[in-house]
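S.K.: sequence plus the predicted model coming up.
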Amino acid sequence: MAVGNYTIYGYYGGNDLNPESNYTNSFNVLPKVEVSIDVNDTEVYESRGLSLDIVLSDDEINDNVTVLFDNSTYEVEINDGVGLFECSNLTAGEFELYVYYGGDYKYESANATATIIVLESENVTLTVNNLTKYYGASDRLVINLADSSGNPIANASIQKL
């Protein structure tokens, strides 16, 4: 139904049991709400994968958006206007990421794009000193993590495999 103000008229002619009756009421059909999508250009390393927030301008939207990335299609769930797109097994290069929201009875459709730059994996060097630990001794195990230029990497997490 087109946007506008409408009037409804109703008439009942009556019968032996019910009297004649008429009714008039009006209602408005409002325009759909415009939506915008916020998705940021991002640089990631291929070994780390991509984790990207998708934010719609209305925080009452609970629906899905379609993401097209690196020749694949993904559905991302949106809750309270926010969704998270995650993708692993990346290859180095520059990619266009396209997000599409189809809209519904209340919201207009919307789309957005972002440029994703996937960098080659970092070469890192992990060095550990030899240590024999004796009960009660204050010796410490020292682990150093450096990038390919020998610069220390701060605040990195090292996990035992």
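M.R.: Structure's in. What do you need?
S.K.: ok, the residue nearest to Gly102 when sequence neighbours are not counted to Glu34 distance?
M.R.: Closest residue to Gly102 apart from its sequence neighbours, by C-beta to C-beta, 6 or more residues apart in numbering: Ser109 at 5.3 Å. In short, each C-beta sits where N, CA and C put it, glycine included. Relative to Glu34, Ser109 is positioned 10 Å away (C-beta to C-beta, to the nearest Å).
S.K.: isn't Phe27 right up against Tyr6?
M.R.: Yes. Contact criterion C-beta atoms under 8 Å: Phe27 and Tyr6 qualify, at 5.7 Å.
S.K.: now Pro31, nearest residue through space, not along the chain?
M.R.: Nearest residue to Pro31 in three dimensions, chain neighbours excluded: Val3, at 4.9 Å (C-beta to C-beta, 6+ apart).
S.K.: burial of that neighbour, as a residue count?
M.R.: Look at Val3: counted by other C-beta atoms under 10 Å, it has 9 neighbours.
S.K.: show me what contacts Tyr114?
M.R.: Tyr isn't right for residue 114; it's Ala. By C-beta atoms under 8 Å, 6 or more residues apart in numbering, Ala114 lies in contact with Val39, Asn40, Asp41, Thr42, Leu52, Glu96, Leu97, Val99.
S.K.: now swap in Arg140 and tell me
M.R.: Leu131.
S.K.: rerun at 6 Å
M.R.: Residues in contact with Arg140 (C-beta atoms under 6 Å, 6 or more residues apart in numbering): none are found.
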